[in-house]
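Undergrad: here are the coordinates; sequence isn't available:
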C-alpha cells in the first residue's frame, strides 16, 4: 500500500514530467499502482489531497531550509547551504506549481508563502553582511528573482546555468562580507 509520502512524491513526479494539467487523481493512482480506494484511505477528496500536498511542499522545501541554515553561525556557511538547497529543488515541479497558482488562488497563496519564506531566509543571511537593511533586502530579493526566473524560463535538467548565476551572487555577497569584516577590524576604537 502506498504511503501519504508516496502520493506526494508521485505528485512531484507528475508535475515535473507533464506539468500541472497531469496532476489528477486517476494518473496519480495509476503511477502508484493503487486504486482510488487507497487514495481515500489518506485523503477525504481531491481538495484535501492538494491542500496536504501543498502544505507538504511548504514544510519540506522551506521549513527544512530554515533548519539547515540555522546550523551555520556565519554568513558564508548559510549562503552556501542556501545555494546547495536551491540547486536540489524540484524545479520543474515548482514551475508547474507556479502555473497552477495562476489558476487557483489557494495554490498561489501557498506559492507566495514559499517565496516569502525563502526570501526571509536569504535576508537573514544577508543581514549579517550589510548594515543597511534595505541593501540586505535587495540582495535577498535578487536571489529569489534568480530562482523564480530560472524556474519560469528554463527549469530543465541542466542546473549549471542556475548554479553559475547563484555562484556570482554568492561571490559578491562573500566579497562584501569580507570587506565589511576588514573595515570593522581596522576601524579605530575609541
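TA: In hand now; what should we look at? Here the structure is a predicted model, which means the values were calculated and not measured.

Undergrad: Kindly list the longest helix within the chain.
TA: helix 160-186 (DSSP state H).

Undergrad: Buried residues of that one, list them for me.
TA: Buried residues in helix 160-186, defined by neighbour count with 16 or more other Cβ atoms under 10 Å: 162, 163, 165, 166, 169, 170, 173, 176, 177. Placement of C-beta: from N, CA and C, glycine included.

Undergrad: contact partners of the lowest-mean-pLDDT helix or strand in the chain?
TA: Of all helical and strand segments in the chain, the minimum by mean pLDDT, DSSP states H and E falls on helix 64-69, at a mean of 79. Outside helix 64-69, the residues that touch it by Cβ atoms under 8 Å, 6 or more residues apart in numbering are 78, 81, 82, 85, 117, 118, 121, 124, 125.

Undergrad: Then stretch 18-36?
TA: By Cβ under 8 Å, 6+ apart, stretch 18-36 touches 1-2, 6-7, 10-11, 13-15, 38-39, 46, 49, 96-97, 99-100, 103.

Undergrad: which intervals of this structure have sub-threshold pLDDT?
TA: Scanning the chain for pLDDT under 70 picks out 180-181, 183-190.

Undergrad: Tell me where it has helices.
TA: Under DSSP H, the chain gives helices at 4-18, 25-32, 36-42, 46-58, 64-69, 75-87, 91-103, 105-127, 133-153, 160-186.

Undergrad: List the buried residues in the shortest one.
TA: By that I understand helix 64-69. Those would be 65, 69, for helix 64-69 by 16+ other Cβ under 10 Å.

Undergrad: cool, and the first one?
TA: Of the residues in helix 4-18, those buried by neighbour count under the rule 16+ other Cβ under 10 Å are 6, 7, 8, 9, 10, 11, 12, 13, 14, 15, 16.

Undergrad: From residue 9, how far out is the closest residue to the last one other than its chain neighbours?
TA: Once its chain neighbours are removed from consideration, residue 16 has its nearest residue in residue 92; the separation is 4.0 Å (Cβ to Cβ, 6 or more residues apart in numbering). To residue 9, residue 92 is 14 Å away according to Cβ to Cβ, to the nearest Å.

Undergrad: cool, and residue 28?
TA: 10 Å.

Undergrad: between these two, what contacts are shared?
TA: In contact with both residue 28 and residue 9: no residue, using Cβ under 8 Å, 6+ apart.

Undergrad: Now residue 50. Nearest residue, chain neighbours left out?
TA: residue 107 (7.5 Å).

Undergrad: which residues touch residue 62?
TA: 113, 114, 117, 118, 121.

Undergrad: now do 6 Å
TA: Residue 62 makes contacts with 114, 117, as judged by Cβ atoms under 6 Å, 6 or more residues apart in numbering.

Undergrad: Start at 463, not 1
TA: Right, with 463 as the first residue, what we last looked at is residue 524.

Undergrad: What's the separation between it and residue 639?
TA: Taking Cβ to Cβ, one finds residue 524 at 24 Å from residue 639.
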